[in-house]
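Chemist: sequence plus the predicted model coming up.
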4 protein chains.
Amino acid sequence: MVGGNIIGERFVAVSFGESHGRCVGMLVDGCPAGLLLSEDDIQGQLDRRKPGQSAVTTQRKEEDRVEILSGVFNGFTTGAPICMLIWNKDADSRAYEAIKNIPRPGHADYPAMVKYGGFADYRGSGRFSGRLTATLVMAGAVAQKLLKETLGIETVAYTSEIGGIKAAGNNITAENIARRYDNDVRCPDPAAAEKMRDAILAARRDGDSLGGVVECTTSNLPVGLGEPIFASLEADLSKALFGIPAVKAVEFGSGFEGSKRRGSENNDAYYIKNDGKIVTRTNNSGGILGGLSNGMPLIVRVAFKPAASIAKSQDTLDISTKSQARLTVPGRHDPCVVPRAPPIVECVVSMVLADHAIRAGLVPPVLKKKGSA
Amino acid sequence: MVGGNIIGERFVAVSFGESHGRCVGMLVDGCPAGLLLSEDDIQGQLDRRKPGQSAVTTQRKEEDRVEILSGVFNGFTTGAPICMLIWNKDADSRAYEAIKNIPRPGHADYPAMVKYGGFADYRGSGRFSGRLTATLVMAGAVAQKLLKETLGIETVAYTSEIGGIKAAGNNITAENIARRYDNDVRCPDPAAAEKMRDAILAARRDGDSLGGVVECTTSNLPVGLGEPIFASLEADLSKALFGIPAVKAVEFGSGFEGSKRRGSENNDAYYIKNDGKIVTRTNNSGGILGGLSNGMPLIVRVAFKPAASIAKSQDTLDISTKSQARLTVPGRHDPCVVPRAPPIVECVVSMVLADHAIRAGLVPPVLKKKGSA
Amino acid sequence: MVGGNIIGERFVAVSFGESHGRCVGMLVDGCPAGLLLSEDDIQGQLDRRKPGQSAVTTQRKEEDRVEILSGVFNGFTTGAPICMLIWNKDADSRAYEAIKNIPRPGHADYPAMVKYGGFADYRGSGRFSGRLTATLVMAGAVAQKLLKETLGIETVAYTSEIGGIKAAGNNITAENIARRYDNDVRCPDPAAAEKMRDAILAARRDGDSLGGVVECTTSNLPVGLGEPIFASLEADLSKALFGIPAVKAVEFGSGFEGSKRRGSENNDAYYIKNDGKIVTRTNNSGGILGGLSNGMPLIVRVAFKPAASIAKSQDTLDISTKSQARLTVPGRHDPCVVPRAPPIVECVVSMVLADHAIRAGLVPPVLKKKGSA
Amino acid sequence: MVGGNIIGERFVAVSFGESHGRCVGMLVDGCPAGLLLSEDDIQGQLDRRKPGQSAVTTQRKEEDRVEILSGVFNGFTTGAPICMLIWNKDADSRAYEAIKNIPRPGHADYPAMVKYGGFADYRGSGRFSGRLTATLVMAGAVAQKLLKETLGIETVAYTSEIGGIKAAGNNITAENIARRYDNDVRCPDPAAAEKMRDAILAARRDGDSLGGVVECTTSNLPVGLGEPIFASLEADLSKALFGIPAVKAVEFGSGFEGSKRRGSENNDAYYIKNDGKIVTRTNNSGGILGGLSNGMPLIVRVAFKPAASIAKSQDTLDISTKSQARLTVPGRHDPCVVPRAPPIVECVVSMVLADHAIRAGLVPPVLKKKGSA
């Protein structure tokens, strides 16, 4: 749709709200009736993304309590649109008044000024704020519960790299992934997590910031999700993942690394497990062949650029006077957005997979007739 | 839409046809009236993608003459849907009969069998064939001409890496890019092109294949194309690019590399050129900030996995008997799809940019009243 | 979209909320930036539709104050989604508890029970309540202001028939239409209005209800709005108008009456006015030819069935026991919905025309650069 | 979508082609895999709509053989897009050259000239020709077979009124409806059919034309098809039906007549049949309550204006000189389009119901696994 605030064919999500406006919210149309749903199902993921939780995130405190305004009755979804929102606390927008004509490097400020003719809400980046990722989490948390309860699909995301420091592959075990939230950077490799944490704190001390990579894996996907060509799983997942501010690259399976190999190394050979399940010996495809799920774990990696808001002084312009200017970005910001990103990536991936599961007829419009066994 | 064969909001493309069916075609709805258009405008790009052009591509010969069936009258587009197609030459499908129960590793065969319950056309990979990229070129060639003539937008793509061999950055000059089609691999770095060519021939001798990376850059983009969140330029470009078979990764600007940097290194500082144009000193954003074009060249890189069809014998299964099998893929195939990919990437990028240019109101529904000066 | 709560291609409206839930609301995506907009612009039309205004409507009092939650900044639309809602007052839902297994004749109760497996919110008809027309008014009031300010387009609707009593054509003058809200039934013919009022009161005394017809006319439409075949003005207007509960018929221009005539009587002959404007002598087409506006006033008539909620006892069933039952619908209801319908029809028509005006490139994404003359 | 040539959410149809262009065609995306389908399944309905079949239609002969270009393999649909088309025979377009600046009253000529800036194909009305209804029949015939074979849904349409002559209700019996194609006007009432035929011939003798009404009824609809508000069955059916040229009114059930009644007369009382089926004593709702099917037969009536092309001389203009002109429409035309309309209405209704049946999860993406019992 024109505004770019709508996604999905069957599990449709519409994002609204601004960073310093009255609220940020998400409307979900197409969620089947009969899903047990309450604010608590959504709050858990929101709490994992919210700022102020550790030394490596901004110290801004945001309560971020979600409210469900429609679509749930007697504890169950009704099949009607689910409107969810978070009321914004009064934010101090004066700092943004001062720089409203001075675009911050790495931010949407300049193209947004041009695109919206000066009418866009620039306070706290308005529609372009990382705060809008809370709306992605709202829809995604509903999708994640829907997929878990109907098809047993599980999606987990974690930090795999920050500032060039990589988690060691052999430390990315099921056990460590389960404990990913035990450290501030949400990385399954404890040793790497320590180094990542130090690197973030060092960057902050220098008035600078870091980027990194979040890896996400989905298990128990049925075979054949996705559509050829324009609605392949890669197509729809990447479209949604690039909706997360600061994401600049997405790869599936062996991705860029695989493009350096030969076919005989990169093709995944099939074999039949003792239980009769058809699997592949390797998973360079990341669980996707021809845009369709092949039954292996779906693996996607998302690269985040270093946070654009840094304390260091930068070269920019004053648009009103069309003259050069120096800018020190005001406010308290994340020195690295990656530690807050795993729950967002989990939710975005779940949102897309729920859409495809419904399209494939694997999730019915009504989960279970009321009162039926 | 459900079938995944439709893309775009305003410049809408619908792909149809199968590799060994009667034809492959594309229907474009939403192209403005008044664009001078003939088969020749499309054939040029089709000829660059067609096989059998050099030693590094398959020796299969395909004529691939496009026909316009509707939407053009007296040489101009009318505003009605433009239906374009290529009639398939009779292909020998017997080889595919023989392996219709034996999924080829790296291909969509297995998930497609499951998804379509055995009804999918498996001949030459059916809907999943690289041959369908001809349909992307049809729509994209129209879009490319539309953007060139209305806004002066130019998109060029070239091979930047094959089998791990990279083009040297300092050799990727405007002059060399203009000559990219002078060598078989379509790489602007002549020295690297030579090495890439040798690597492909070596892989073929070994009955193996290679992958690589195509880089694409668009100049003269107006500021402010794209929409926040779900229809950012990155979101819509990646969705379309992942519709190209064998694509496993997409990155913009500094991409994965940028995620290793600090913000002070990755942010692009603004300055004003003597002509008053607002630009940035670097272009790590790849011309996109907050999902919107910022006036700098748009830069996207697309990673292709090594071609899945190799002569080497591979482990797979016989689905009908649910038993292990060995397979040597029959037929003549590209040892590397990258040399044929640049025109496809140019067209896909153009298709998405045309959609956004129309959405942004920069291209009118009628280009110029007939007879008007 | 799947849930059926979304309409429009470029001026997109998403309805949410339930009659007795927390709120009813509308989200508009695609409204251009730079439109001066406040709650007052919407409240006017909401006040005309709200109940309890006269003897011929239900005596239920509903405050219905609209709130804008997003998309407006410093008094102007920003180009971001506009979320609007009305908080519901605590309603007494006990009466609906008592009949939740007893479908009311003429209402959606029975098919909704089956469709949603018992999970739908049945209180006050939930999503099927006439109360949801308030959400149509929210989006439509924004569209109506947008069309008025950018293109001078004016849409007015009025009651033309109630209970078989018709307004006399020669009394439907511009002056009388301007005074349509001076009488309780919103009919431009004062004499007919009197009879309609008496008929409604008589029906109420009998514990019964009436239906009727609303006529709507739009002036100053540019020539060429609408698209051939599936997005003709008739197609999109009727789709939206049938979204109003109780609407069972829609006709344009001479409609059913015209189908009894000969072509020589029904064709509208062209002529050129002194000011050079091209018009037709008659307007049997209702301003639409081939689905496109032809510059003449757009004329559409909408038939409403008699209100389904009547005090008279009716035959129905108890679904839980699958046995016959008698029902007297509880609560206070409109004996005729027509008097409240004109503002709704005006808004729905405006919503569709705004969508088409934007599609046709007649309304830009930004109305006027801020600060520009 | 922008061009207005696309309809449907899940059973998606895209129309293309022009009256005197190379072809007219339809592309269907979203048809489930596993439907036995051949040209013969479509040709039957096309033959019923084609001209030259009787004295009451134009004497123009059109062969109209449909070809399936994609989406069918080994006799079954594959789940891929089904492209169907009819090659146009060389038509003599000279007559249209002569009047290309002289808009025919009642036709789209004038608004189309303005909308498309003179680029539209005006030969034989181009995209606005009744010939495009052949594309509606192509998609609808596929839908009609799909619904019959999967859910036993049957849709039949017939002429109920021509030139004000109505079929007698008591003659519209199942037996007579089954024989509706035995007379030239396709009316189930033989006596009325005779009068209608005479009226059409009389109108033709006078160089004039007639309009009329087609009634359509669908049986065996499951309960709960349709979505509240914007995707109600009435909304989506009317949108598609108004896509048929010359349609100016659509009503469901008691329609306009019902709006004159009291609620106690118009509400349909429920009762339980001996077989336990829940039905209503009357069917004033036309099988639709709250936009959802209620299990009773769906009843819709469609009014066609008298054919705009008449032999009588009419007042019009010469746009090129902006002066008055007299026009006698050249060529051979239907004196009444109604006799050819019943198969078109059946197909359009089937197309919409197929879309909703798939949305409701009642028709699976694969009808039956190949080889499965």
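Modeler: The structure has been received and is ready for your questions.
Chemist: name the helix or strand of chain A that has the lowest mean pLDDT.
Modeler: Lowest by mean pLDDT, DSSP states H and E among the helices and strands of chain A is helix A:94-98, with a mean of 88.
Chemist: following element in sequence after it, please.
Modeler: Remark: after helix A:94-98, the chain's next helix or strand is helix A:109-115, criterion DSSP states H and E.
Chemist: the least confident helix or strand of chain A: how far from the chain's middle?
Modeler: Centroid separation for helix A:94-98 versus its chain: 28 Å, with CA atoms, centre = their mean, to the nearest Å.
Chemist: return the set of buried residues in stretch A:51-59.
Modeler: Residues of stretch A:51-59 classed as buried under the neighbour-count rule (16 or more other CB atoms under 10 Å in any protein chain shown) are A:51, A:53, A:56-58. No exception for glycine: its C-beta is placed from N, CA and C like everyone else's.
Chemist: ok, which of these also contact chain D?
Modeler: Near chain D, taking CB under 8 Å from any CB of the partner chain as the test, no member of the buried residues of stretch A:51-59 is found.
Chemist: same list, those, but as JSON lines with distance to chain C please.
Modeler: Shown next, in JSON lines, are these (distance: CB to the nearest CB, whole Å):
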{"residue": "A:51", "distance to chain C": "21"}
{"residue": "A:53", "distance to chain C": "26"}
{"residue": "A:56", "distance to chain C": "31"}
{"residue": "A:57", "distance to chain C": "26"}
{"residue": "A:58", "distance to chain C": "23"}
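Chemist: now the two most distant members of those.
Modeler: Spatially, the most separated pair among these is A:51 and A:56, at 10.6 Å (CB to CB).
Chemist: among the buried residues of stretch A:51-59, which one has the lowest pLDDT?
Modeler: Lowest pLDDT among the buried residues of stretch A:51-59: residue A:58, with 77.
Chemist: confirm that residue sits in a helix?
Modeler: No: counting by DSSP: H, G, I helix; E, B strand; the rest coil, residue A:58 is not found in a helix; it is coil.
Chemist: right, and it touches residue A:51 too?
Modeler: Yes: using CB atoms under 8 Å, residue A:58 makes contact with residue A:51 at a distance of 4.6 Å.
Chemist: and stretch A:28-45, does that touch chain C?
Modeler: Yes: counting by CB under 8 Å from any CB, chain C is contacted by stretch A:28-45 at A:29-30, A:33-34.
Chemist: any weak-confidence spans in the stretch 151-300 of chain A?
Modeler: Applying pLDDT under 70 to the stretch 151-300 of chain A picks out no residues at all.
Chemist: and the residue of the stretch 1-150 of chain A found nearest chain C, what pLDDT?
Modeler: Nearest to chain C in the stretch 1-150 of chain A, going by CB to the nearest CB, is residue A:118, at a distance of 3.2 Å. With respect to pLDDT, residue A:118 has a value of 95.
Chemist: repeat that for residue A:371.
Modeler: On the pLDDT scale, residue A:371 is placed at 66.
Chemist: can you map out the helices along the stretch 101-250 of chain A?
Modeler: For the stretch 101-250 of chain A, applying DSSP state H, counting those that start in this stretch gives helices covering A:109-115, A:133-151, A:174-178, A:190-205, A:233-241.
Chemist: list, one by one, the residues from the stretch 51-200 of chain A near chain D.
Modeler: residue A:80.
Chemist: report how many residues lie close to whichever residue of the stretch 51-200 of chain A sits closest to chain D.
Modeler: Nearest to chain D in the stretch 51-200 of chain A, going by CB to the nearest CB, is residue A:80, at a distance of 7.6 Å. Number of residues near residue A:80 (other CB atoms under 10 Å in any protein chain shown) recorded here: 30.
Chemist: ok so, going back, give me the contacts around the least confident helix or strand of chain A.
Modeler: When contacts are defined by CB atoms under 8 Å, 6 or more residues apart in numbering or on different chains, helix A:94-98 is touched by residues A:20, A:122-124, A:330-331.
Chemist: using CSV, write out every CA atom in it.
Modeler: Provided in CSV are the C-alpha atoms of helix A:94-98 (Å, rounded to 0.1, in the frame of the first residue of the first chain):
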residue,chain,number,x,y,z
ARG,A,94,13.2,20.5,22.6
ALA,A,95,16.5,19.1,21.5
TYR,A,96,14.8,18.1,18.2
GLU,A,97,13.3,21.6,17.7
ALA,A,98,16.9,22.9,17.8
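Chemist: buried ones in it?
Modeler: Residues of helix A:94-98 classed as buried by neighbour count (16+ other CB under 10 Å): residue A:96.
Chemist: do stretch A:83-93 as well
Modeler: For stretch A:83-93, burial by neighbour count (16+ other CB under 10 Å) applies to A:83-86, A:88, A:91.
Chemist: please apply the same query to stretch A:363-370.
Modeler: A:363, A:365-368, A:370.
Chemist: who wins on neighbours among the contacts of helix A:94-98?
Modeler: Neighbour count (other CB under 10 Å) singles out residue A:122 as the most crowded of the contacts of helix A:94-98, with 28 neighbours.
Chemist: what about the closest residue to that one other than its chain neighbours, neighbour count?
Modeler: Excluding the flanking residues, the one nearest residue A:122 by CB to CB, 6 or more residues apart in numbering or on different chains is residue A:100, at 5.1 Å. For residue A:100, the count of nearby residues is 16 (other CB under 10 Å).
Chemist: before we move on, what about residue A:25?
Modeler: For residue A:25, the neighbour count with other CB under 10 Å is 27.
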